[in-house]
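Participant: Below is the structure, and that's it, no one-letter string:
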Ligand SMILES: [Zn+2]
């Protein structure tokens, strides 16, 4: 190897050495960041919920003019019953007025009225009043309702516990706003649908596919409120399209199409609505 050729080879070797050192330095720089470079995967941005809560979307989904499945009430005297009372935010055991309410689909509930109403006939009037309203709810939503608690007071209703919880002061406000039945649809959905569906894989898949909640209430409590918040809109589009605005119908259909398909597939018994 002559001296000139050696110089060219040496220059070439030095060039490769510099490139290698630069590559090592850049590699070290990447490692020093503490994270291996990854391809960013796009996270779908959750859509904006169109409503705050769905019991308010339209008061005409079920009205007091709609048929009821309620047939008759039988008085059962008084007996010790443990009921939840939101005024004390606790369970209470009282000597409740008891009534069996029967419905035309064979379902029956025991209505337990707080003794604070003071007399059997007054308690019976309350029991019958709400049995008529509850009878307007679809069979599928009453199926797991075994008891109804009725108290005085302005406190939120409740569902679950095989029960519907009613505070009559709040019921008067819901009645004034025309949403007593819609509210009970929500609560009865907790009672009769949550256990089987609120965390079911198919329901969670529908949540993901829709990628938006029908209300901020459902969004805030996705495992607890999403089914109940979806059922009133479901009844609105499937049974009451003629009573709601086109824009409300389109908003519901465009927001939760996968939840609606899930509920369709359940083939819910919607008597006496449909
Ligand atoms: Zn709820």
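Facilitator: The structure has been received and is ready for your questions. For clarity, every value in this text was computed on a predicted model and none was experimentally measured. Numbering: from 1, shown residues only.
Participant: So which residues make contact with the helix or strand where residue 77 lies?
Facilitator: Secondary-structure assignment from DSSP states H and E places residue 77 in strand 70-85. With contacts defined as C-beta atoms under 8 Å, 6 or more residues apart in numbering, strand 70-85 is touched by 90-104, 110-112, 114-115, 120, 124, 127-128, 131-132, 134-135, 147, 149, 151, 153, 158, 161, 165. C-beta here means a position set from N, CA and C on the backbone, and glycine is covered the same way.
Participant: burial measure for the residue of the chain found nearest the ion, as a count.
Facilitator: For the chain and the ion, the shortest gap (C-beta to the ion) falls at residue 228, measuring 4.4 Å. Residue 228: 26 surrounding residues under other C-beta atoms under 10 Å.
Participant: Around the ion, which positions in the stretch 101-250 of the chain sit nearby?
Facilitator: Counting by C-beta under 5 Å from the ion, the residues of the stretch 101-250 of the chain lying close to the ion are 225, 228.
Participant: Tell me where the stretch 101-250 of the chain has helices.
Facilitator: For the stretch 101-250 of the chain, helices defined by DSSP state H, counting those that start in this stretch occupy the ranges 120-134, 139-142, 168-176, 180-192, 194-197, 201-210, 216-220, 226-239, 246-255.
Participant: Any chance of CSV for those helices, columns mean pLDDT?
Facilitator: Output for those, formatted as CSV (pLDDT from 0 to 100):
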stretch, mean pLDDT
helix 120-134, 98
helix 139-142, 98
helix 168-176, 98
helix 180-192, 98
helix 194-197, 98
helix 201-210, 98
helix 216-220, 98
helix 226-239, 98
helix 246-255, 98
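Participant: Local confidence estimate at residue 71?
Facilitator: Model confidence at residue 71, given as pLDDT, is 98.
Participant: do you know how far it is from residue 126?
Facilitator: 18 Å (C-beta to C-beta, to the nearest Å).
Participant: Neighbour count for these two, which is higher?
Facilitator: residue 126 (22 against 13).
Participant: Surely that one touches residue 152?
Facilitator: No. The pair residue 126 / residue 152 is not scored as a contact, 9.4 Å apart, by C-beta atoms under 8 Å.
Participant: Return every residue with contacts to both of these two.
Facilitator: Among the neighbours of residue 126, those also in contact with residue 152 (C-beta under 8 Å, 6+ apart) are 117, 168.
Participant: Can you name the residues that contact residue 166?
Facilitator: Applying C-beta under 8 Å, 6+ apart, the residues contacting residue 166 are 130, 148, 149, 150, 151, 157.
Participant: Without its sequence neighbours, what residue ends up closest to it?
Facilitator: Among residues not flanking residue 166 along the chain, residue 150 sits closest, at 5.0 Å (C-beta to C-beta, 6 or more residues apart in numbering).
Participant: Okay, buried residues for stretch 49-69 please.
Facilitator: Residues of stretch 49-69 classed as buried: 49-51, 53-55, 57-62, 68-69 (neighbour count, 16 or more other C-beta atoms under 10 Å).
Participant: need those in TSV with distance to the ion and secondary structure, can you?
Facilitator: Output for the buried residues of stretch 49-69, formatted as TSV (distance: C-beta to the ion, whole Å; DSSP: H, G, I helix; E, B strand; the rest coil):
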residue	distance to the ion	secondary structure
49	15	coil
50	18	coil
51	14	strand
53	9	coil
54	10	helix
55	9	helix
57	15	coil
58	18	coil
59	18	coil
60	21	coil
61	16	coil
62	17	coil
68	23	coil
69	23	coil
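Participant: what's the pLDDT at the nearest residue to residue 44 once chain neighbours are set aside?
Facilitator: Once flanking residues are discounted, residue 44 sits nearest to residue 211: 5.3 Å by C-beta to C-beta, 6+ apart. Reading off the confidence values, residue 211 has pLDDT 98.
Participant: I'm done for today, thanks for sticking with me.
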